[in-house]
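Chemist: Quick one: sequence and predicted model below, then my questions.
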There are 2 protein chains.
Amino acid sequence: MKKTTAMQIADEISTRIAKGQLHPGERLVETALAKEFQTSRAPIREALLMLERDRLVERIPHQGVVVRRFTRQEIYDLYDVIYRLEEIAFEKAVSKVTEEDLRELDRILDDQKKAQRDQNIESYYELNEEFHNKMIEITGNKILLNMYQNLRRPARPFRMMSMAQGNNMYSSYKEHKKQVEALRQRSVSSGKRAIREQEIRSLQSLDILFPV
Amino acid sequence: MKKTTAMQIADEISTRIAKGQLHPGERLVETALAKEFQTSRAPIREALLMLERDRLVERIPHQGVVVRRFTRQEIYDLYDVIYRLEEIAFEKAVSKVTEEDLRELDRILDDQKKAQRDQNIESYYELNEEFHNKMIEITGNKILLNMYQNLRRPARPFRMMSMAQGNNMYSSYKEHKKQVEALRQRSVSSGKRAIREQEIRSLQSLDILFPV
DNA sequence: TAATACAATATTGTCGACAATATAAAGACA
DNA sequence: TGTCTTTATATTGTCGACAATATTGTATTA
């Protein structure tokens, strides 16, 4: 199952958006992209449709495609939903988690600790994704996992930015550790508490990044 | 902002899937559709991409597009997430609801009552959508609303089927009424109770529709 | 007969050209 | 001068043809 060129292009543009090389509101013109990627417009159009599917860009008929723009409110709403989903996931995970799952989470935590020590934001972020995905995988609900990933994808640029801020990477690591501990003890309440703490911290970061 | 033909085609195929005229797993061949809709393949391809975006079909590279197939487990997972989101929405709505919102919900309930009396499933279903969308609109969280709609869309065929079953339309109406009453009293607990009751009923319907 | 290699067919992927539409620029009129 | 109309330009939408790929059917060989 080889990847079609449209998919490769979609991947490339996707990472550019994630890394902040393409900014919200920036226009994506088909002909320009076709020239850059040395193809015709057909695969470009298809790639853009795929990106719209992933909610990374917005398409307006006869007007074109722009990198999705979030209002301050939308970012807050996005975070809100993400953390509510994490709570749901945690609650479900408590009754399903195995010893092997816990070992896997410990492994990710260890790697995160190293990345945090090295101040390797990129690496830490990837492990972060892994951690949360693992957490939801434990629930066994693929719909939930899919939805969660769809939400986090557009949030990535903001998360990266706030991760680079102050000692957020360290406190993020600590919260994750608390979560795993709560999961080990099968304690829904302390798990939720850890999630809430992280949420508060995230919102504080947002306030610094996007002052009113 | 006129609708492009690709969008019209996507709408048409979308309703066919929703109404069960196209069955899960059924193949959607581009040339055949192009012939039927009297266009070239370009807008068809685009429409199919849009449907994939809405999670109504699955695309496999070089193999084609099929109407999305759900396993029994996925349907259960889908319902699970939908009801968890409704709970979240209700909790948020309690602190935001206005008198005008309540009147609007009453209006929808009245219409549902009529549709239920006439055993007009189609009409009842549309009002049902309206009810739930309104409920989430009250929260003011557009991300949540969008996500909720994305989940309900592929679930529509199942919901329609279970609505046609026994007196599910009537009990659905009653649960909605309870929800509005709970909202009026700003009671999170009784709202959640109503949602859970409806969830249980839904799962029972599913068990009848898809016996093990 | 069963398994494998090969050829034929159906279908998707990509291309370049043209048509339709929206935006920007230029002109007409009060 | 300012507003409306018209024209020009840029960009997206659609088309038909060809290329690439996957599947199916057929032949070959052990």
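Modeler: That came in fine, so what should we check first?

Chemist: nearest residue to the residue nearest in space to the middle of chain A other than its sequence neighbours?
Modeler: The residue lying closest to the centre of chain A (C-alpha atoms, centre = their mean) is residue A:152, at 3.1 Å. The shortest distance from residue A:152 to any residue other than its chain neighbours is 6.6 Å, reached at residue A:82 (C-beta to C-beta, 6 or more residues apart in numbering or on different chains). Every C-beta, even on glycine, is put in place using the N, C-alpha and C of the backbone.

Chemist: element containing that neighbour?
Modeler: Assigned by DSSP states H and E, residue A:82 belongs to helix A:72-94.

Chemist: So which residues on chain A come close to chain B?
Modeler: When proximity is defined by C-beta under 8 Å from any C-beta of the partner chain, chain A lies next to chain B at A:1-4, A:7, A:45-46, A:49-50, A:52-53, A:60-62, A:74, A:77-78, A:80-81, A:84, A:88, A:141-144, A:147, A:150-151.

Chemist: Can you get me a residue count around the residue nearest to residue A:152?
Modeler: 19 (other C-beta atoms under 10 Å in any protein chain shown).

Chemist: Which positions within stretch A:141-160 qualify as buried?
Modeler: Buried residues in stretch A:141-160, counted by 16 or more other C-beta atoms under 10 Å in any protein chain shown: A:141, A:143-145, A:147-148, A:151-152, A:154-160.

Chemist: Just the ones in helices from those, please.
Modeler: The helices, defined by DSSP state H, take in A:143-145, A:147-148, A:151-152, A:154-160 from those.

Chemist: From the residues of chain A next to chain B, keep the buried residues only.
Modeler: Buried, going by 16+ other C-beta under 10 Å: A:45-46, A:49-50, A:52-53, A:74, A:77-78, A:80-81, A:84, A:88, A:141, A:143-144, A:147, A:151, out of these.

Chemist: Could you report the separation of the residue located most distally from the centre of chain A from residue A:9?
Modeler: Relative to the centre of chain A, and counting by C-alpha atoms, centre = their mean, the farthest-placed residue is residue A:40 at 31.2 Å. Counting by C-beta to C-beta, to the nearest Å, the separation of residue A:40 from residue A:9 is 11 Å.

Chemist: Check residue A:44 too.
Modeler: From residue A:44 to residue A:9 the distance is 6 Å (C-beta to C-beta).

Chemist: and if you look at residue A:96?
Modeler: Distance, residue A:96 to residue A:9, using C-beta to C-beta: 38 Å.

Chemist: Counting neighbours, go ahead and name the busier of the two.
Modeler: Higher neighbour count among residue A:96 and residue A:9: residue A:9, with 23 against 12, using other C-beta under 10 Å.

Chemist: Show the pLDDT at that one.
Modeler: Predicted confidence (pLDDT) for residue A:9: 94.

Chemist: and it, what is it in contact with?
Modeler: Residue A:9 is in contact with A:33, A:37, A:39, A:43-44, A:47, counting by C-beta atoms under 8 Å, 6 or more residues apart in numbering or on different chains.

Chemist: Now rank those by neighbours and give me the top one.
Modeler: Of all those, residue A:47 has the most neighbours under the rule other C-beta under 10 Å, reaching 29 neighbours.

Chemist: Hmm, residue A:39 is touching residue A:5, no?
Modeler: Yes: taking contacts as C-beta atoms under 8 Å, residue A:39 lies within contact range of residue A:5: 6.0 Å.

Chemist: ok, back up a step: for the residue nearest to residue A:152, give its distance to residue A:172.
Modeler: From residue A:82 across to residue A:172, the span is 14 Å (C-beta to C-beta).

Chemist: next one: residue A:158
Modeler: Taking C-beta to C-beta, one finds residue A:158 at 14 Å from residue A:172.

Chemist: Check residue A:130 too.
Modeler: Residue A:130 is 13 Å from residue A:172, by C-beta to C-beta.

Chemist: higher neighbour count, these two?
Modeler: residue A:172 (22 against 16).

Chemist: helix or strand for that one, which one?
Modeler: Residue A:172 belongs to helix A:168-184 when assigned by DSSP H and E.

Chemist: Could you list the domains of chain A?
Modeler: Domain segmentation of chain A under automatic domain parsing yields A:5-67, A:72-209.

Chemist: need those domains in JSON lines with distance to DNA strand D, can you?
Modeler: Output for these, formatted as JSON lines (distance: least, C-beta to the nearest atom of the strand, whole Å):
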{"stretch": "domain A:5-67", "distance to DNA strand D": "3"}
{"stretch": "domain A:72-209", "distance to DNA strand D": "20"}
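
Chemist: And those domains: which comes nearest DNA strand C?
Modeler: Among the domains of chain A, the nearest to DNA strand C by C-beta to the nearest atom of the strand is domain A:5-67 (3.2 Å).

Chemist: Identify the residues contacting residue A:129.
Modeler: Residue A:129 neighbours (C-beta under 8 Å, 6+ apart): residue A:152.

Chemist: Quick one: name the residues of chain A near DNA strand C.
Modeler: A:4-6, A:39-43, A:46, A:61-63 (C-beta under 7 Å from any atom of the strand).

Chemist: Just those residues: which are in helices?
Modeler: Filtering the residues of chain A next to DNA strand C for helices - DSSP H - leaves A:5-6, A:41-43, A:46.

Chemist: and of those residues, the nearest to residue A:166?
Modeler: residue A:6 (40.3 Å; C-beta to C-beta).

Chemist: Low-confidence ranges, chain A, go.
Modeler: Applying pLDDT under 70 to chain A flags residues A:1-2.

Chemist: So residue A:212 belongs to a strand, correct?
Modeler: No: counting by DSSP: H, G, I helix; E, B strand; the rest coil, residue A:212 is not part of a strand but coil.

Chemist: residues making contact with stretch A:51-65?
Modeler: Residues contacting stretch A:51-65 (C-beta under 8 Å, 6+ apart): A:10, A:13-14, A:17, A:27-30, A:48-49, A:66-69, A:150, A:153-154, B:1-4, B:7, B:49, B:52-53.

Chemist: Ok, stretch A:76-85 next?
Modeler: A:70, A:136, A:144, A:147-148, A:151-152, A:154-155, A:195-196, A:198-199, A:202-203, A:206, B:88, B:141-144, B:147.

Chemist: do stretch A:150-161 as well
Modeler: Contacts of stretch A:150-161 with the rest of the structure, by C-beta under 8 Å, 6+ apart, involve A:17-20, A:54-56, A:68, A:70, A:75, A:78-79, A:81-82, A:85, A:121, A:125, A:128-129, A:132, A:205-206, A:209, B:143, B:147.

Chemist: try stretch A:89-107
Modeler: Here stretch A:89-107 has contacts from A:131, A:134-136, A:138-141, A:144, A:148, A:179-180, A:182-184, A:186-188, A:191-192, A:195, using C-beta under 8 Å, 6+ apart.

Chemist: I'm done for today, thanks for sticking with me.
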